[in-house]
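# build me a model from this:
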Amino acid sequence: MGLDDAIAAARRRAEWMDTHQRQEADRQDRERKEAAELLAEAVRRLVPYGSGTYARMRRSTFGRYRGPGGHRYTEAERQRCWLLVSRQSTHPQNGQWYDSPILLVENATAVQVWLDFQSTEPDQYISSLEPKAVGLDGASLTLGEANRKGWVNELKEHLAQTVVRYERGQ
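Numbers count the residues shown, from 1 in each chain. A predicted model of the protein is given here:
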């Protein structure tokens with residue numbers, strides 16, 4: 001095989017890689033769009049039913065809340081939410097174990113939160129830690145590292161179960 005043949009083979013490999021990468025990017029875009037539509041529809045369906053509250057706290061010198069380590073905090077954001085998955089896991093930054101449910105929040109996103117604040121109210125989720133979005137590049141709905149292909153179908157299942165659970169008042 002001469003150099004021309006090797007160059008032609010290298011070009012075919014490079015073209016195949018470009019095509020494969022483009023197809024993969026297109027698939028991921030379609031999945032993200034489908035997931036966004038599913039999340040928005042689930043929020044619309046859940047609004048008539050009860051909801052919880054997700055509050056993200058941030059450290060503040062004069063905050064009115066005391067949190068982890070005795071530091072003062074103030075509320076940075078508050079949204080209605082619905083519980084998708086209840087679980088515990090370690091936070092990826094500090095390695096500590098927390099209750100870390102996955103919530104559907106009213107802005108039509110699903111996030112994993114680490115509850116480092118103790119709440120006295122039922123269905124209230126309070127955290128000073130940055131939430132992690134659920135999705136292809138984010139948190140998994142399962143505890144293990146699931147096969148990330150098909151995550152939209154997994155999300156659809158959890159959303160359907162959540163809608164039924166809230167419809168039934170459970």
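
# hey, let's count contacts and neighbours off CA atoms from now on
Will do.

# identify all contacting residues around the longest strand anywhere in the chain.
If you go by DSSP state E, the chain has its longest strand at strand 72-85. With contacts defined as CA atoms under 8 Å, 6 or more residues apart in numbering, strand 72-85 is touched by 46, 51-67, 101-107, 141, 158-159, 162.

# which of those residues fall in helices?
Residues of the contacts of strand 72-85 located in helices (DSSP state H): 46, 158-159, 162.

# buried members of these into PyMOL, please.
In PyMOL, a selection of the buried entries from the ones in helices among the contacts of strand 72-85 looks like this (16 or more other CA atoms under 10 Å):
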select buried, resi 46+158+159+162
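
# which of the ones in helices among the contacts of strand 72-85 scores worst on pLDDT?
Minimum pLDDT for the ones in helices among the contacts of strand 72-85 is recorded at H158 (92).

# just confirm L136 contacts W151, I think it does.
Yes: using CA atoms under 8 Å as the test, L136 is close enough to W151 to be in contact (7.0 Å).

# more crowded one of the two?
Per other CA atoms under 10 Å, whichever of L136 and W151 has more neighbours is W151, with 19 against 16.

# was I right about that one contacting G135?
Yes: under the criterion of CA under 8 Å, W151 makes contact with G135 at 7.1 Å.

# now for the ones in helices among the contacts of strand 72-85: which two are most distant?
Largest separation among the ones in helices among the contacts of strand 72-85 by CA to CA: L46 and H158, giving 13.1 Å.

# identify each buried residue in stretch 63-78, please.
Under the neighbour-count criterion of 16+ other CA under 10 Å, stretch 63-78 has 65, 67, 72-75 buried.

# I'd like the mean pLDDT over that stretch, please.
82.

# and for stretch 21-32?
90.

# buried ones in it?
Buried positions in stretch 21-32, judged by neighbour count with 16+ other CA under 10 Å: E31.

# got the CA positions of it in CSV?
Below are the C-alpha coordinates for stretch 21-32, written out as CSV (Å, rounded to 0.1, in the frame of the first residue of the first chain):
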residue,chain,number,x,y,z
GLN,A,21,-19.6,13.2,16.0
ARG,A,22,-22.2,15.3,14.1
GLN,A,23,-24.8,12.5,14.5
GLU,A,24,-24.0,12.1,18.2
ALA,A,25,-24.4,15.9,18.7
ASP,A,26,-27.7,15.9,16.8
ARG,A,27,-29.0,13.0,18.9
GLN,A,28,-28.0,14.7,22.2
ASP,A,29,-29.7,18.0,21.0
ARG,A,30,-32.9,16.0,20.2
GLU,A,31,-32.8,14.3,23.7
ARG,A,32,-32.3,17.6,25.5
